[in-house]
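> here is my input, please return the structure:
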Amino acid sequence: MSSINEIILYGLEILDKNENTAVISQIANTILQLKNNNLNPPVDIIEEKNLITIFIDIPGILPSSIDINFFNNKIEISGERVRTYNTINVIKKEIIYGRFHKEIILPLSITKKESVTHEVSNGVLIILIDKTKEIENKFKINL
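Residues are numbered from 1 along each chain as shown. Here you go, the predicted model:
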């Protein structure tokens, strides 16, 4: 039996595929994060003819704390946002701290390290995948 969190996450994935419901999805995702007190950086993925660009929102997360692993057509990204201040006199707490783990499924397998570059700019991790250096893992059979 699926947990309520799995059902909500499935619903969020469906909402993300329709740009008219992207705002609703973002609100629901934020509510789920706050409810579970889980850090879950939002991700945008753009696919062009020869390039896949992944944007991961990581403000306040040190790039040195982030691990990125590639397994065939899956990317696993993990890291941690660490609190840098004393919490004794906190009046309001909305920022979520802690570890995160995110899996992203891609439309092709990543087999060559040289096809991947990355940078961090203004609190956004940008991963670029050069599709011309990879072989797509999908094909069609005509009957």
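
> going by C-alpha atoms from here, please, whenever you check contacts or count neighbours.
Fine.

> which element follows the helix or strand bottoming out on mean pLDDT in the chain toward the C-terminus?
Ranking every helix and strand in the chain by mean pLDDT, DSSP states H and E puts helix 22-36 at the bottom, with a mean of 60. Using DSSP states H and E, the helix or strand that directly follows helix 22-36 along the chain is strand 43-47.

> mind listing the helices for this protein?
For the chain, applying DSSP state H gives helices covering 4-16, 22-36.

> ok, the residue nearest to Glu76 when sequence neighbours are not counted - contacts?
The shortest distance from Glu76 to any non-neighbouring residue, by Cα to Cα, 6 or more residues apart in numbering, is to Glu103 (4.6 Å). By Cα atoms under 8 Å, 6 or more residues apart in numbering, the contact set of Glu103 is Lys74, Ile75, Glu76, Ile77.

> low-confidence regions, the protein specifically.
For the chain, the stretches with pLDDT under 70 are 1-37, 135-143.

> recalculate using a threshold of 90.
Where the chain drops to pLDDT under 90, the residues are 1-40, 59-64, 71-73, 81-99, 106-115, 131-143.

> how is this structure carved up into domains?
With domains defined by automatic domain parsing, the chain comprises 1-36, 42-133.

> how much space separates Leu108 from Gly98?
Leu108 is 31 Å from Gly98, where distance means Cα to Cα, to the nearest Å.

> wait, I meant Ile66
Computed as Cα to Cα, the Ile66 to Gly98 distance reads 12 Å.

> counting neighbours, what do you get for the nearest residue to Ile61 once chain neighbours are set aside?
Spatially, and ignoring its direct neighbours in sequence, Ile61 is nearest to Arg81 (4.8 Å; Cα to Cα, 6+ apart). Here the number of neighbours of Arg81 (other Cα atoms under 10 Å) works out to 20.
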